[in-house]
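Novice: What follows is a predicted structure for the sequence shown.
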There are 2 protein chains.
Amino acid sequence: MGSPRALLRWTRVEPLGAPRPLMLSDFSTHLKAAADATQSCLATAMRPFGDLPIAQGMRHAVTGGKGLRGFLVIESARLMGAPEQEAVYAGAAVEALHAYSLVHDDLPCMDDDDLRRGQPTVHKKWDEATAVLVGDALQTLAFELLARPASCLGAQRQLDLITGLAKASGAEGMVLGQAQDMAAETSAVPLTLTEIAHLQNNKTGALIEWSATAGAVMMGADPALLRRYAQSLGLAFQIADDILDVEGTIDVVGKATGKDSASGKATFVSLLGLEGAKLRAQDLVDEACVALDDFGDRANILKAAARFVVSRDL
Amino acid sequence: MGSPRALLRWTRVEPLGAPRPLMLSDFSTHLKAAADATQSCLATAMRPFGDLPIAQGMRHAVTGGKGLRGFLVIESARLMGAPEQEAVYAGAAVEALHAYSLVHDDLPCMDDDDLRRGQPTVHKKWDEATAVLVGDALQTLAFELLARPASCLGAQRQLDLITGLAKASGAEGMVLGQAQDMAAETSAVPLTLTEIAHLQNNKTGALIEWSATAGAVMMGADPALLRRYAQSLGLAFQIADDILDVEGTIDVVGKATGKDSASGKATFVSLLGLEGAKLRAQDLVDEACVALDDFGDRANILKAAARFVVSRDL
């Protein structure tokens, strides 16, 4: 499939005037625009934090990702007719929360990674204590952004977003998934496919689901279709991550690869085989797209995102 | 002044029928009742988390403290006429947040403490990774409790509490204070009194202020008097902490003492002298009490709390 830049070039030579069901260049443009918007929002929000190491570390931690979660918030908001500015704040919040989880997961006592998004991890560039505090303050910032006084969403909708984000990221969501993942690494019994799916749903899926349903929550609308989309997308994303761990290089992925296969950990690839994993991911992408059929062409960007997730690391 | 038990005995022999401006036994009873209520609230909130190490660690981390911050929330709510049940949830939230900060501050890369509240710290009883995740999930829980759907406070008031807690605990509050404290430990130039007061206001004062003004925020009332009370109380609390580090024993304080004097760190005691620090703390207690004079006898418990703070570790 190639890089976003290559895709952009490719779409430029498509015949003009032809039907445009799914333009991956549109997706790339939207993804980049969403990342720019959430980055800018975070930069403004962190300006009062000054230039101490924790503030520098916070800025470092939120930089360089593709911004998939923020993008999902913004696109789901667009789909549901939610105010764009509110979507940007909520997108910035989930990017801050995601960044906190990466900073803490990279710590020596956790996954012990030196590289993230092609850059040194926070504890390598500064130190462990700074990394703990950077993660802590990024989590706080996520909730502060959602509770912001100037929002026009209405206080109850803001609370709904906060409750959802807390459930998705706390001891019943992302933190639980990370704990389950660490437990699996030292367990003598490899996980089954169902157990891996459950673990990954906690560790990664819940936050993706919060992001992709945020637009519906903002408008007080039924999030059922977006949830079905998000659940398939989330699982496809994780399978793609396992595939990248086998096939990717450090240059493409921006972090160390081959760790899971080297450790003998059960993954989607070890249980389904490489081809089986690719087929399952593709099926999930199709399911994600079907879930949005009722929205017609307006859902094209989100559908493109699903297709892109299995072709790239986001 | 003696222990709470000794004070309780002493107050029992006061002449009956005499004016009761400040009964320290009343304070002890209220403090215990508040701690029981917030503990019970947290236990219920954490029941769905099961019995994995992170859930066990979370329960361990919120147990055994005096619950000063939760008490301040509940008493300020009582003073302002806020619903008791809402106060208990907010009190539980700040106790969860405070517990998160202790678990992370105790980590080997931070203050490296083995003992907290007379018990092994989370990373000693389990491991560092569990301690990082326990702290993370406790912070999340704090915001989840404040955003709870069943609250009768009104969504805007809940958001006000959330925004305030985020500001008090994040990169402009508690986390900043901890970073400043760590920086001071490795700095060649000892801090001045003003700098220590500023650092401690971030590290400890902001959360105490949030707690003591929570009742006013819940009712949409002016928090100015409670803020004056809290600011004096917070500083008195920190001076008392420095005094305890010099005078206290591990049995009384429940954690290692003498660390600051051994490290040659500038503290209120090193800068004011032991007697000077005690006098300053007493002045601050008097200022805290005066700030609440307009509330008459209804503020007696909060005034007693101020007096108690300088006599005991809370």
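Specialist: Structure received.

Novice: Tell me the first helix or strand C-terminal of the worst-scoring helix or strand of chain A on mean pLDDT.
Specialist: Taking mean pLDDT, DSSP states H and E as the measure, chain A has helix A:4-12 as its least confident helix or strand, at a mean of 33. Sequence-wise, the next helix or strand beyond helix A:4-12 is helix A:24-46, with elements assigned using DSSP states H and E.

Novice: Buried ones in that next one, by neighbour count?
Specialist: Using 16 or more other CB atoms under 10 Å in any protein chain shown as the test for burial, helix A:24-46 gives A:24-25, A:27-28, A:30-31, A:34-35, A:37-39, A:41-42, A:45-46. Backbone N, C-alpha and C define where each C-beta goes, glycine included.

Novice: And the pLDDT at residue A:251?
Specialist: For residue A:251, the model assigns a pLDDT of 62.

Novice: again, but for residue A:247
Specialist: Here, the pLDDT recorded for residue A:247 equals 84.

Novice: Likewise for residue A:259?
Specialist: Reading off the per-residue confidence, residue A:259 sits at a pLDDT of 67.

Novice: Also residue A:122?
Specialist: Reading off the confidence values, residue A:122 has pLDDT 97.

Novice: before we move on, what about residue A:199?
Specialist: Here the pLDDT value assigned to residue A:199 is 95.

Novice: again, but for residue A:1
Specialist: Among the per-residue scores, residue A:1 shows a pLDDT of 35.

Novice: do the same with residue A:309
Specialist: On the pLDDT scale, residue A:309 is placed at 86.

Novice: I'd like to know how far it sits from chain B.
Specialist: Separation of residue A:309 from chain B (CB to the nearest CB, to the nearest Å): 26 Å.

Novice: And the strands in chain A?
Specialist: With DSSP state E as the definition, chain A shows strands at residue ranges A:115-116, A:119-120.

Novice: In TSV: these, plus distance to chain B.
Specialist: Putting these into TSV (distance: least, CB to the nearest CB, whole Å) gives the following:
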stretch	distance to chain B
strand A:115-116	16
strand A:119-120	17
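
Novice: Mean neighbour count added to the ones you listed, as CSV?
Specialist: Rendered in CSV, the data for those read as follows (neighbours: other CB atoms under 10 Å in any protein chain shown):
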stretch, mean neighbour count
strand A:115-116, 19
strand A:119-120, 16
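
Novice: looking at those, which is closest to residue A:303?
Specialist: In this view, these are compared for proximity to residue A:303 by CB to CB, and strand A:115-116 is the closest at 28.9 Å.

Novice: Tell me the helices and strands packed up against the closest one.
Specialist: Judged by 3 or more CB pairs under 8 Å, 6 or more residues apart in numbering or on different chains; DSSP states H and E, strand A:115-116 is in contact with no other helix or strand.

Novice: With distance to residue B:135 as added columns, please give the strands of chain A in CSV.
Specialist: Supplementary listing: these in CSV, determined by distance: least, CB to CB, whole Å:
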stretch, distance to residue B:135
strand A:115-116, 20
strand A:119-120, 23
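
Novice: Can you say which of those is nearest to residue A:152?
Specialist: Smallest distance to residue A:152 across these (CB to CB): 34.9 Å, for strand A:115-116.

Novice: Pairing partners for that closest one, with directions?
Specialist: When sheet partners are counted by DSSP bridges, strand A:115-116 sits next to strand A:119-120 (antiparallel).

Novice: What lies in contact with the partner strand?
Specialist: Applying CB atoms under 8 Å, 6 or more residues apart in numbering or on different chains, the contact partners of strand A:119-120 are A:60, A:63-64, A:114, A:125, A:254.

Novice: Show the pLDDT at residue A:190.
Specialist: Reading off the model, residue A:190 has pLDDT 88.

Novice: my guess is it contacts residue A:267, does it?
Specialist: No - contact between residue A:190 and residue A:267 fails when scored by CB atoms under 8 Å: they sit 9.6 Å apart.

Novice: coming back round to it: which one of the contacts of strand A:119-120 sits closest to chain B?
Specialist: The shortest distance between chain B and any of those, using CB to the nearest CB, involves residue A:60 and amounts to 13.5 Å.

Novice: got a list of what the closest one touches?
Specialist: Residue A:60 makes contacts with A:119, A:122, A:125, as judged by CB under 8 Å, 6+ apart.

Novice: what's near enough to touch residue A:163?
Specialist: Residues in contact with residue A:163 (CB under 8 Å, 6+ apart) are B:144, B:147-149.

Novice: Tell me which residue is most central in chain A.
Specialist: With distances taken as CA atoms, centre = their mean, chain A has residue A:69 as the residue nearest its mean C-alpha position (4.0 Å).

Novice: Tell me the pLDDT of that residue.
Specialist: pLDDT for residue A:69: 98.

Novice: For chain A, give me the ranges with low pLDDT.
Specialist: Using pLDDT under 70 as the threshold, the predicted model of chain A has low-confidence ranges A:1-24, A:249-263, A:312-314.

Novice: higher neighbour count, residue A:190 and residue A:267?
Specialist: Under the neighbour definition other CB atoms under 10 Å in any protein chain shown, residue A:190 and residue A:267 were set side by side, and residue A:267 has more, 23 against 14.

Novice: Nearest spatial neighbour of that one, chain-adjacent residues omitted?
Specialist: Nearest-residue entry for residue A:267: residue A:242, 4.2 Å, with adjacent residues in sequence omitted and distances by CB to CB, 6 or more residues apart in numbering or on different chains.

Novice: right, and that neighbour touches residue A:266 too?
Specialist: No - taking contacts as CB under 8 Å, residue A:242 lies outside contact range of residue A:266: 9.9 Å.

Novice: who has more neighbours, these two?
Specialist: Looking at residue A:242 and residue A:266 with other CB under 10 Å, you find the greater number of neighbours at residue A:242, namely 24 against 20.

Novice: was I right about the residue nearest to the centre of chain A contacting residue A:98?
Specialist: Yes - assessed by CB under 8 Å, residue A:69 is found in contact with residue A:98 at 5.4 Å.

Novice: Now do the shared contacts for those two.
Specialist: For the pair residue A:69 and residue A:98, residues contacting each of them under the criterion CB under 8 Å, 6+ apart are residue A:207.

Novice: Contacts only, for residue A:227.
Specialist: A:209, A:212-213.

Novice: again, 6 Å this time
Specialist: By CB atoms under 6 Å, 6 or more residues apart in numbering or on different chains, the residues touching residue A:227 are residue A:213.

Novice: Please report the distance of it from residue A:164.
Specialist: 11 Å (CB to CB, to the nearest Å).

Novice: thought residue A:200 was touching residue A:238?
Specialist: Yes - shown here, residue A:200 and residue A:238 form a contact pair, counting by CB atoms under 6 Å, at 4.2 Å.

Novice: ok, the residue nearest to the centre of chain A touching residue A:213?
Specialist: No - the pair residue A:69 and residue A:213 does not pass the contact test of CB under 6 Å, sitting 11.8 Å apart.

Novice: Let me know how buried the nearest residue to residue A:162 once chain neighbours are set aside is, in neighbour terms.
Specialist: When the adjacent residues along the chain are set aside, residue A:162 lies closest to residue B:147, with 4.2 Å between them (CB to CB, 6+ apart). If you count neighbours by other CB under 10 Å, residue B:147 ends up with 27.
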